[in-house]
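Asks: Next come a sequence and a model predicted from it.
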Amino acid sequence: MSQKSAGKKQKQRRIIDTDVHERATYADLVPYLDHPWKRYITDNHWMQEKHMPYTQPTVAGVDRADAVTPDGGAAGTDLSFMQQQLLDAEGHEYGILTGALDPSPSSMHGWYEMATALASAYNDWQIENWLEKDDRLYGSVHIAAQDPQQAVREIERVGSHPKMVQILLPIDKTPWGDPFYHPIYEAAERYHLSIGMHHNEPPTHFGEWPRYFIEWHTMLPTAHMIEVSNMVFNGVFDKFPGLHLIMIEGGFTHAPHLMKKMDQQYKELRHEIPWVKRMPSDIMREHVRFTTQPVEEMNQKEFMQYIDQMGSEDMVCFATDYPHWDYDSPLEALPKLDEALAEKVYSENARASYPKLPQKQGSVT
Amino acid sequence: MMKEVVLKKEDIEPGKMKSASLGKIPIVVCRTKDGEFYAYANRCLHQGAPLSEGALVGDTKRTDVHGNYEYIKEGEILRCPWHGLEYDIKNDGCMLAEPDKKLRSFKVTIEDDYVVVHK
């Protein structure tokens, strides 16, 4: 049974999906690596470091159970199946690829040379196998941000590709607003790339893991909040006025509180950060976007209360998180919205946040 | 009242489920480990995911003892393939987290080794 036949709350509409996870196996990346990096995978069995004490306690781990590929492969590894199950089925205009955080070069706690090589291999694999094979898919530049100079070289190498629209930074333990990382944002501006932040394995509970997965997953937005406040208070957006930041998979319902809290703190403590020259909420309304998924169930009135408190209809961008277990259906996840706002949430806010995405054309049929 | 043969009894092993159609209604037919059949609308109440793509699993018994895990009702809980919402198929399709919500259920009879679903 297709989801279209399952019943609709929303009409079919133009969708720019800001979180689509393609997945590379390590075997996929080997042809894009040189020695010695290739050998560290083939002979020494390098694997991405993992930290969580639990599995994702769902039907099929991190994935939707029905997203296993027809040949039994891991979800997100097969472009044609993604086209069938997501892009064609839901009528996507564009999808922004965000990888699978495995490998996640910027998450590695050492061996930044290997991380740099993995990022380059991933980018080449992504371009050849996804971005250049479907007009609807746009990509993320993977970098090893622990070494900003090498990261900038990678941005310079692939950042001008017409289908690369953002630089991906994982949310783990690094607050990315530190001036040490500002060369990355200078390069982002230079190449008209946005910054996308997506959580990987942030130790949300005082730097540690909570006892249960449900606690960690509930508190993920706090890791997003830390990154946003860190970027704003370190003056990233004052220094790079053309920069867009998209906070991916943290939802948006925490944003009104964060904006209010940061404004109050700014009134009282702004002298500590004289490089920040405007109210934080104003900076956020201009530069920061939040993706909807995983959205809490809510009605239109509740949705509008959040929008009203944010003081902007421009900050929320729709995302499915395909093919993961907490996927949000474009037809079912959000309440019915007024048409003008719906168009912003489902497509135009994202279009305005990614300068390299094509401009709006025609109308949805 | 209408009824329709949707499957052969042997099409579903105990502990398994299958999608089927009752007229134009997509349904999921579940067979518990004791051999009984149950039929529900094949659509999660949350975001409409096809439940037949999920899993028949068990539940952890509610307890007052922190840290105590007792696995019960194995094969009787229909778990959504997306967000994992759980429905008790031997208890009228009630959602475990919110028992006042339930799947649309259909009466099932077995006639000459065929699974017959009634609407």
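Replies: Cool, the structure landed.
Asks: count of neighbours near the closest residue to chain B within the stretch 101-250 of chain A?
Replies: Residue nearest to chain B within the stretch 101-250 of chain A: A:Arg211 (9.6 Å; CB to the nearest CB). C-beta: built from backbone N, CA, C; applies to glycine. Applying other CB atoms under 10 Å in any protein chain shown, we find 12 residues neighbouring A:Arg211.
Asks: what's the answer for A:Glu313, then?
Replies: The number of residues near A:Glu313, taken as other CB under 10 Å, comes to 17.
Asks: Please name the residues that touch it.
Replies: Going by CB atoms under 8 Å, 6 or more residues apart in numbering or on different chains, A:Glu313 touches A:Ile307, A:Ala340, A:Leu341, A:Lys344, A:Asn349.
Asks: Would you mind confirming that the third one is in contact with A:Ile307?
Replies: Yes: proximity of A:Leu341 to A:Ile307 meets the contact threshold set by CB atoms under 8 Å, at 7.3 Å.
Asks: for the residue of the stretch 101-250 of chain A closest to chain B, helix, strand, or coil?
Replies: Classification of A:Arg211 using DSSP: H, G, I helix; E, B strand; the rest coil returns coil.
Asks: about what we covered before: can you add distance to chain B, secondary structure and neighbour count and give the contacts of A:Glu313 back as TSV?
Replies: TSV is the format used below for the contacts of A:Glu313 (distance: CB to the nearest CB, whole Å; DSSP: H, G, I helix; E, B strand; the rest coil; neighbours: other CB atoms under 10 Å in any protein chain shown):
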residue	distance to chain B	secondary structure	neighbour count
A:Ile307	21	helix	20
A:Ala340	24	helix	9
A:Leu341	20	helix	17
A:Lys344	22	helix	23
A:Asn349	21	helix	24
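Asks: for the residues you listed, which one is nearest A:Ile143?
Replies: Lowest distance from A:Ile143 to these (CB to CB) belongs to A:Asn349, with 25.0 Å.
Asks: Please name the residues that touch the closest residue to that closest one other than its chain neighbours.
Replies: Of all residues not flanking A:Asn349 in the chain, A:Cys317 sits nearest, at 4.8 Å (CB to CB, 6 or more residues apart in numbering or on different chains). Each residue near A:Cys317 by CB under 8 Å, 6+ apart is listed here: A:Ile16, A:Thr18, A:Ile246, A:Arg289, A:Phe290, A:Thr291, A:Thr292, A:Val345, A:Asn349, A:Ala350, A:Ser353.
Asks: Look up phi and psi at B:Asp113.
Replies: The phi and psi values for B:Asp113, taken as degrees, to the nearest 10, are phi 70, psi 20.
Asks: Give me the buried stretch members for the lengthiest strand in chain B, please.
Replies: The strand that spans the most residues within chain B, counting by DSSP state E, is strand B:71-79. For strand B:71-79, burial by neighbour count (16 or more other CB atoms under 10 Å in any protein chain shown) applies to B:Lys73, B:Gly75, B:Glu76, B:Ile77, B:Leu78, B:Arg79.
Asks: so which strand or helix has the closest residue to A:Asp102 other than its chain neighbours?
Replies: In space, and not counting its chain neighbours, A:Asp102 is closest to A:Gln48: 4.6 Å by CB to CB, 6+ apart. Of the helices and strands defined by DSSP states H and E, none includes A:Gln48.
Asks: Surely A:Gln48 touches A:Ala100?
Replies: No: when contacts are counted by CB under 8 Å, A:Gln48 is not listed as touching A:Ala100 (9.6 Å).
Asks: and the longest strand seen in chain A, what other elements does it pack with?
Replies: As assigned by DSSP E, the longest strand anywhere in chain A is strand A:164-171. Strand A:164-171 is packed against strand A:137-142, helix A:182-190, strand A:194-199, helix A:220-233, with contacts defined by 3 or more CB pairs under 8 Å, 6 or more residues apart in numbering or on different chains; DSSP states H and E.
Asks: okay, these in a markdown table with mean pLDDT and distance to B:Gly35 next?
Replies: Shown next, in a markdown table, are the helices and strands packed on strand A:164-171 (pLDDT from 0 to 100; distance: least, CB to CB, whole Å):
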| stretch | mean pLDDT | distance to B:Gly35 |
| --- | --- | --- |
| strand A:137-142 | 98 | 47 |
| helix A:182-190 | 98 | 61 |
| strand A:194-199 | 98 | 45 |
| helix A:220-233 | 98 | 42 |
